[in-house]
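>>> Fold the following and give me the result.
(chains A and B)
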Amino acid sequence: MKVKERTRDGVVILELSGKLMGGPDAATFNDTLKTLLHEGHRNMLIDLSRISWVNSTGLGILISGYSTVKKGGGDLKLLNVSERIESIFMVSKLHTVFISFNDEDEAVRSFA
Amino acid sequence: MSSQDGAMTDLSTKSQRIELKIPSQLLYLGVPDAILMELAGDLPCEQKDIDEISTSVIEACTNAMEHGNGMDVQRQVEVHFDISEDEIAITVLDDGPGFDHEGWIPPEDLLRERGRGITIMREFSDTLRFDFAADGRFRVRLRKRLRRQA
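Here you go, the predicted model:
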């Protein structure tokens, strides 16, 4: 998995690409979020449009990231969740945890 | 990888088998997915069905690599795809001792970081079976009926 970072209106947008499947990606993602929190960022938007698939360990990465940001006083939301990934959220009930958007403008405004 | 019947010419009359052996490294989890996605275009079924069975297979292979083979790259996970127009049946074999699948209860904590793999396999397969193959390897068998494309 690759992580590309950009900021828009005070929201850090992390564009993930590849496969979300655990392994070393877990530490990389969590370290990125911890560094951002340390730098004073609180609003994180995770763009999943370039993620081809996610497994249960990949879900664990997102949950760990969500917990890290929440504990740091911030908020983490999702952008561009594909139908395939959305169906995994549904069966694992994670749609009740993550707030997700298909429109970046709307997602960024939601942090205001 | 080998195919029992050669080219896939007529899946309507009988299923055809693909066999795959992958080292126990997460890097290779994309290979069974790639096979199913490649076939998806030629099967007269909903993409959603292929997505769901592929997600299930990725889970089965993740478990086989992590819990069965202990992420030992020298140990392989074997995957059999039996494919027809109406159904995909998949078998995943590893060298591990298996687990108490009958006594397994999904944890309730929504923010837990692990323990969703079996739920995903159950939800996305029409049948899911755990047992041991004749050669002693732990075996997961998944079956998904394919709905005709609308």
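
>>> Secondary structure element holding residue 88?
Here I'm looking at chain A. helix A:83-91 (DSSP states H and E).

>>> that's the other chain; I wanted chain B
strand B:87-94.

>>> quick revisit: for the helix holding A:Ile88, which positions count as buried?
By neighbour count on 16 or more other C-beta atoms under 10 Å in any protein chain shown, the buried set for helix A:83-91 is A:Arg84, A:Ile85, A:Ser87, A:Ile88, A:Phe89, A:Val91. All C-beta spots, glycine's among them, are computed from the backbone N, C-alpha and C.

>>> related to what we said a few turns ago, anything in the strand holding B:Ile88 near chain A?
No: using C-beta under 8 Å from any C-beta of the partner chain, strand B:87-94 never reaches chain A; the gap is at least 13.3 Å.

>>> how about the residues of chain B that lie near chain A?
Checking chain B against chain A by C-beta under 8 Å from any C-beta, the hits are B:26, B:29-30, B:33, B:48, B:51-52, B:54-55, B:58-59, B:62, B:66, B:110-117, B:119-120, B:123-124.

>>> Mark which of these are buried, thanks.
Judged by 16+ other C-beta under 10 Å, buried ones among the residues of chain B next to chain A: B:26, B:29-30, B:33, B:51-52, B:54-55, B:58-59, B:62, B:66, B:113, B:116-117, B:119-120, B:123-124.

>>> pLDDT score assigned to the residue most central in space within chain B?
Centroid-nearest residue in chain B: B:Val57, 2.8 Å away (criterion: C-alpha atoms, centre = their mean). At B:Val57, the model reports a pLDDT of 97.

>>> isn't it right up against B:Val31?
No: at 10.1 Å, B:Val57 does not count as touching B:Val31 under the criterion of C-beta atoms under 8 Å.

>>> tell me which strands and helices the helix holding A:Ile88 is in contact with?
strand A:43-54, helix B:47-63, helix B:117-124 (3 or more C-beta pairs under 8 Å, 6 or more residues apart in numbering or on different chains; DSSP states H and E).

>>> Name the helix or strand for A:Lys70, please.
helix A:56-71.

>>> Output the strand holding B:Ile88 as PDB, restricted to C-alpha atoms.
Provided in PDB are the C-alpha atoms of strand B:87-94 (Å, rounded to 0.1, in the frame of the first residue of the first chain):
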ATOM      1  CA  GLU B  87     -21.100 -21.800  -9.300                       C
ATOM      2  CA  ILE B  88     -17.600 -21.300  -8.000                       C
ATOM      3  CA  ALA B  89     -16.300 -23.700  -5.400                       C
ATOM      4  CA  ILE B  90     -12.900 -23.000  -3.800                       C
ATOM      5  CA  THR B  91     -10.700 -25.100  -1.600                       C
ATOM      6  CA  VAL B  92      -7.800 -23.600   0.400                       C
ATOM      7  CA  LEU B  93      -5.300 -25.900   2.100                       C
ATOM      8  CA  ASP B  94      -2.600 -25.200   4.600                       C
END
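
>>> what angle do that strand and helix B:47-63 make?
10 degrees (axes from the mean of the first three to the mean of the last three C-alpha atoms, to 10 degrees).

>>> Tell me how far strand B:87-94 lies from the chain's centre.
5 Å (C-alpha atoms, centre = their mean, to the nearest Å).

>>> From the contact counts, what lies against it?
Against strand B:87-94 (3+ C-beta pairs under 8 Å, 6+ apart) you get helix B:47-63, strand B:76-83, strand B:138-145.

>>> Which residue, other than its chain neighbours, is closest to the residue of chain A positioned farthest from its centre?
Using C-alpha atoms, centre = their mean, the residue of chain A lying farthest from its centre is A:Val91. It sits 18.6 Å away. Distances taken as C-beta to C-beta, 6 or more residues apart in numbering or on different chains place B:Glu123 nearest to A:Val91, at 3.9 Å, with adjacent residues excluded.
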